[in-house]
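Peer 1: sequence isn't available, so here's the structure alone:
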């Protein structure tokens, strides 16, 4: 029974170490950076191999056609006019202050909602990453109990 308890303790320690290393990698973002770097290298390699095969053979002919496009637009500038005219237009603009206040309060609500959602998601992810380490500790404790009982 003591041998079984020792094996349980050692396996629990290994599981705990693995769980803590996994949680560290997830928190540090090292695995994501490594995956992105590998993906970027693979893309560069495949692009360079593809462009190597697409070189134009000698004696090929290229052509280009010049294209000219014209557009017209009519608009009135709100900034046109003297300073007094511009101030008068701003003062006579209906509901400018109420629109600005409504936009400000809506923006604050969206920011608060995003911060709360990010905080909740971050805490849930951290807790989920620690579960393997907690399982390893439980296995180690079971091994200790088996050692003491034997």
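Peer 2: Nice, thanks for sending it over. Computed from a predicted structure; not experimentally measured.

Peer 1: and stretch 139-150, how far out from the chain's middle?
Peer 2: 43 Å (Cα atoms, centre = their mean, to the nearest Å).

Peer 1: what does stretch 100-120 give?
Peer 2: 20 Å.

Peer 1: ditto for stretch 31-42
Peer 2: With Cα atoms, centre = their mean, you get 14 Å for stretch 31-42.

Peer 1: now do stretch 136-148
Peer 2: 39 Å.

Peer 1: tell me the mean pLDDT for that stretch?
Peer 2: Averaging pLDDT along stretch 136-148 yields 86.

Peer 1: which parts of that stretch are buried?
Peer 2: Residues of stretch 136-148 classed as buried by neighbour count (16 or more other Cβ atoms under 10 Å): 136, 139, 140, 142, 143, 146, 147. For glycine as for every other residue, the C-beta is placed from the backbone atoms N, C-alpha and C.

Peer 1: from those residues, which two are the most distant?
Peer 2: By the measure Cβ to Cβ, 136 and 147 form the most distant pair in those, at 16.5 Å.

Peer 1: check which helices and strands the longest helix seen in the chain sits against.
Peer 2: Longest helix of the chain, by residue count under DSSP state H: helix 96-149. On a contact count with 3 or more Cβ pairs under 8 Å, 6 or more residues apart in numbering; DSSP states H and E, helix 96-149 meets helix 2-28.
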